[in-house]
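Asks: model the structure of this input:
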Amino acid sequence: MTDYQTKEQSGSARAGERRCLCCEVMDRLEECFGVTPAVREHLANSRIEFLKAIRELIDQRITQLSNKGPQQGTKVPVE
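Replies: All right, here's what the predicted structure looks like:
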């Protein structure tokens, strides 16, 4: 059994817990290249920035949807 299989089995044993995409990518890079502590630190920092970017996208979309509001009709003069 490989390290990856061991990690996957222990990870799936926890009910309902899912890992973020960033953690998965970091694990794959570690498997392929054997990262140093300095590289690990850079990857951890980039994960934080990536998640902040996703949060900003969500905030922008909420703002767009909130600003639309109900459209007002046009006034028509009645005789």
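
Asks: distance check, the residue nearest the centre of the chain against Leu57.
Replies: Nearest residue to the geometric centre of the chain (C-alpha atoms, centre = their mean): Leu51, 5.0 Å. Distance, Leu51 to Leu57, by C-beta to C-beta, to the nearest Å: 11 Å. All C-beta spots, glycine's among them, are computed from the backbone N, C-alpha and C.

Asks: over to Gly34?
Replies: Taking C-beta to C-beta, one finds Gly34 at 33 Å from Leu57.

Asks: other SSEs contacting the longest helix belonging to the chain?
Replies: Taking DSSP state H as the criterion, the chain has its longest helix at helix 37-68. Using 3 or more C-beta pairs under 8 Å, 6 or more residues apart in numbering; DSSP states H and E, the elements in contact with helix 37-68 are helix 21-33.

Asks: next, the angle helix 37-68 makes with the helix it packs on.
Replies: 150 degrees (axes from the mean of the first three to the mean of the last three C-alpha atoms, to 10 degrees).

Asks: quick check: buried residues in helix 21-33?
Replies: 22, 26-27 (16 or more other C-beta atoms under 10 Å).

Asks: for the nearest residue to Phe50 once chain neighbours are set aside, give its distance to Arg47.
Replies: In this structure, Phe50 finds its nearest non-sequential neighbour in Cys22, 5.7 Å apart by C-beta to C-beta, 6 or more residues apart in numbering. Applying C-beta to C-beta, the value for Cys22 to Arg47 is 4 Å.

Asks: ok, Phe33 next?
Replies: Counting by C-beta to C-beta - Phe33 and Arg47 are separated by 17 Å.

Asks: tell me how many other residues crowd Ala53.
Replies: Neighbours of Ala53 under the rule other C-beta atoms under 10 Å: 10.

Asks: nearest to Val39, of the buried residues of helix 21-33?
Replies: Met26 (9.5 Å; C-beta to C-beta).

Asks: look up how far Ala44 lies from that closest one.
Replies: 8 Å.

Asks: correct me if wrong: Val35 contacts Leu29.
Replies: Yes - Val35 lies in contact with Leu29 (C-beta atoms under 8 Å); the separation is 6.0 Å.
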